[in-house]
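Novice: got a predicted structure here, sequence first:
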Number of protein chains: 2
Amino acid sequence: MKKNSLPTIAILGGTGKEGPGLALRWASVGYPILIGSRQLEKAKATAAELNERLGDNSVTGFENADAARQAHISVLTVVQSAHQAALVGLKEALQGKILVDATARVDFRDPRPPQAPAAAQTAQDILGAGVRVVAAFQNVPAHALKKKLGESLDMDVLVCADDLEAAQEVIRLAEAGGMRAYYAGSLENALVVESLTSLLISINRHYGVKTASIAITGLVEKKSEI
Amino acid sequence: MKKNSLPTIAILGGTGKEGPGLALRWASVGYPILIGSRQLEKAKATAAELNERLGDNSVTGFENADAARQAHISVLTVVQSAHQAALVGLKEALQGKILVDATARVDFRDPRPPQAPAAAQTAQDILGAGVRVVAAFQNVPAHALKKKLGESLDMDVLVCADDLEAAQEVIRLAEAGGMRAYYAGSLENALVVESLTSLLISINRHYGVKTASIAITGLVEKKSEI
């Protein structure tokens, strides 16, 4: 597939741990990537680091809203405490587009299951019906994303959305980045996926690893299409 | 291992779908099994069916409290709506023992993520500190339990408990029945495992299967011991 036939992906709040890992995955298979940050300089610095690792210039840094405005699909990878403020500032730029909410819904100092509503539902409320919100990538271990570039990840991405076509587009994006992905129901179910983070932290701590994640079993036949 | 060296397991509310499946697994590897029910006749009928399938007499039917009193470990497999009433009636019989709460926390007509507290925490509150409550087996597909007797199941049991030794005992029990099991944190985390049920129902419906379940990935080295 030609590089310029692929949609442009913005990673908003993309200077943390998760964002650059996802950016690397997609940039390495040809997607144009925009790293967004509240601070332009931080976005540019992360973009430069990623380009150096990739050996090309496929990643560019912008302020969050500028990145969202130029992208076909935006993926929000902020921490929980920055979630709502970030969304308010993105409302205008995201109208008519897909926003993938990948917020890790956990306080790492005191991990416990979150309460309803799902962060992704809050995002939909803030952004309004004109934005197609999809919840995904909340539990992809940043560690594994960076270390195993070029390999498939041994985990499944659970994709929740009220808009099935938007979910399908995000499933294709996950697969392009070497991740298996499954449709897991409405945005309301995103709360379950968000709550897995605290469970996976418990498992990581107990078994002394950093990469615990989950996979779906029992699908017998490979999923046909959603 | 000799049959009489294994602990006796009571399956309380054991005449539904999940209970007989778990009973078969453990009976087939030598555990003495007591099926408990509110109605003695139903318990005896289920026990007779299981003995016929097993070709022996390792399963016996009792009223719930009688089964709990004679067992070393009890596994509660009632539906959500019967959960609290069942526990109140079992409080005395379970003192000093392990109660494994396997309640499916879902309304199948309207599956959605449950709210805190976890059913297993409610169980601990009702039973008091003298009972060692462990949450496990909430998402083992009954379908797979019965169909694949003698095979390992392609899924993981997530075991939550505040009492780590009790969790360890339940992990051994799961493994004896051909199920991989991992410690997944405190009883508070049981809410996450309980909420997976609504997610798995969405996946089953979307992909046209009955056996969707989950597995833990990224543990790199096999778990040593908990």
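Specialist: Perfect, thanks for sending it. Values in this document were obtained by computation on a predicted structure and should not be read as measured data. Numbering: from 1, shown residues only, chains lettered A, B, ... in the order given.

Novice: dump the helix or strand of chain A with the lowest mean pLDDT to CSV, restricted to CA.
Specialist: Least confident helix or strand of chain A, by mean pLDDT, DSSP states H and E, is helix A:142-147 with a mean of 79. Output of helix A:142-147 as CSV, limited to C-alpha atoms (Å, rounded to 0.1, in the frame of the first residue of the first chain):
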residue,chain,number,x,y,z
ALA,A,142,3.9,0.5,26.4
HIS,A,143,6.9,-1.6,27.3
ALA,A,144,5.9,-4.3,24.7
LEU,A,145,5.0,-1.7,22.0
LYS,A,146,8.5,-0.3,21.9
LYS,A,147,10.5,-3.5,22.5
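
Novice: residues in contact with whichever helix or strand comes after that helix?
Specialist: Downstream of helix A:142-147, the next assigned helix or strand under DSSP states H and E is strand A:156-161. With contacts defined as CB atoms under 8 Å, 6 or more residues apart in numbering or on different chains, strand A:156-161 is touched by A:118, A:120, A:132-137, A:139-140, A:167, A:170-171, A:174, A:179-190, A:193, A:213-216, B:199. For glycine as for every other residue, the C-beta is placed from the backbone atoms N, C-alpha and C.

Novice: same deal with stretch A:47-67?
Specialist: A:3, A:10-14, A:20, A:23-24, A:27-28, A:30-40, A:42-46, A:70, A:74, A:86, A:89-90, A:92-93.

Novice: could you dump that stretch to CSV, C-alpha only?
Specialist: Extracted in CSV, the C-alpha atoms of stretch A:47-67 (Å, rounded to 0.1, in the frame of the first residue of the first chain):
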residue,chain,number,x,y,z
ALA,A,47,8.6,13.5,16.9
ALA,A,48,12.3,14.0,16.4
GLU,A,49,13.1,11.0,18.7
LEU,A,50,10.7,8.8,16.8
ASN,A,51,12.0,9.9,13.4
GLU,A,52,15.5,9.1,14.6
ARG,A,53,14.5,5.6,15.6
LEU,A,54,12.5,5.1,12.4
GLY,A,55,15.2,6.6,10.1
ASP,A,56,12.8,8.8,8.3
ASN,A,57,10.5,11.9,8.6
SER,A,58,7.1,10.4,8.9
VAL,A,59,6.4,11.9,12.4
THR,A,60,5.6,15.6,13.0
GLY,A,61,4.9,17.5,16.2
PHE,A,62,2.0,19.9,16.7
GLU,A,63,-0.1,21.4,19.5
ASN,A,64,-3.0,18.9,20.2
ALA,A,65,-5.8,20.8,18.4
ASP,A,66,-3.6,21.5,15.3
ALA,A,67,-2.7,17.8,15.2
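
Novice: buried stuff in it?
Specialist: Of all the residues in stretch A:47-67, those buried under the rule 16 or more other CB atoms under 10 Å in any protein chain shown are A:47, A:49-51, A:54, A:58-67.

Novice: can you check stretch A:74-86 too?
Specialist: Of all the residues in stretch A:74-86, those buried under the rule 16+ other CB under 10 Å are A:74-80, A:83-84, A:86.

Novice: give me the distance between the two termini of that stretch.
Specialist: Its first and final residues considered, stretch A:74-86 spans 13 Å by CA to CA, to the nearest Å.

Novice: for the record, mean pLDDT for that stretch?
Specialist: Mean per-residue pLDDT for stretch A:74-86: 94.

Novice: for A:Val100, which non-adjacent residue is spatially closest?
Specialist: Nearest residue to A:Val100, sequence neighbours excluded (CB to CB, 6 or more residues apart in numbering or on different chains): A:Val75, at 4.3 Å.

Novice: same check on A:Ala144?
Specialist: A:Ala144's closest residue in space is A:Thr211 (CB to CB, 6+ apart), at 4.9 Å.

Novice: count residues in the vicinity of that neighbour, would you?
Specialist: 21 (other CB atoms under 10 Å in any protein chain shown).

Novice: that one: what's it in contact with?
Specialist: A:141, A:143-144, A:204, B:217-220.

Novice: that one in helix, strand or coil?
Specialist: Following DSSP: H, G, I helix; E, B strand; the rest coil, we place A:Thr211 in the coil state.

Novice: just A:Gly178 next, same as before
Specialist: A:Gly178 - assigned by three-state DSSP - is coil.

Novice: OK, contacts around it?
Specialist: Contacts of A:Gly178 by CB under 8 Å, 6+ apart are A:25, A:29, A:150-153.

Novice: quick check: mean pLDDT across stretch A:160-169?
Specialist: Average pLDDT, stretch A:160-169: 98.

Novice: tell me which residues of stretch A:13-31 come out buried.
Specialist: So for stretch A:13-31, counting by 16+ other CB under 10 Å, buried means A:13-16, A:18-28, A:31.

Novice: now do the same end-to-end measure for that stretch.
Specialist: End-to-end distance for stretch A:13-31, by CA to CA: 18 Å.

Novice: next secondary structure after the host helix or strand of A:Val170?
Specialist: Assigned by DSSP H and E, A:Val170 belongs to helix A:164-176. In the C-terminal direction, the helix or strand that comes right after helix A:164-176 (DSSP H and E) is strand A:180-183.

Novice: that following strand close to chain B?
Specialist: Yes: if you take CB under 8 Å from any CB of the partner chain as the test, strand A:180-183 does meet chain B, through A:182-183.

Novice: what packs against that strand?
Specialist: Judged by 3 or more CB pairs under 8 Å, 6 or more residues apart in numbering or on different chains; DSSP states H and E, strand A:180-183 is in contact with strand A:156-161, helix A:164-176, helix B:190-207.

Novice: which residues touch the helix or strand immediately after the last one in the chain?
Specialist: Remark: after helix B:190-207, the chain's next helix or strand is strand B:213-217, criterion DSSP H and E. Contacts of strand B:213-217 from elsewhere in the structure, counted by CB under 8 Å, 6+ apart, are A:154-155, A:203, A:211-218, B:139-141, B:144, B:153-156, B:158, B:180, B:182, B:196, B:200.

Novice: from chain B, how far off is A:Gly36?
Specialist: The spacing between A:Gly36 and chain B, counted by CB to the nearest CB, to the nearest Å, is 28 Å.

Novice: could you measure from the closest residue in space to that residue that isn't next to it in sequence over to chain B?
Specialist: With sequence-adjacent residues excluded and distances taken as CB to CB, 6+ apart, A:Gly36 is closest to A:Ala67, at 3.4 Å. Distance from A:Ala67 to chain B, counting by CB to the nearest CB: 30 Å.
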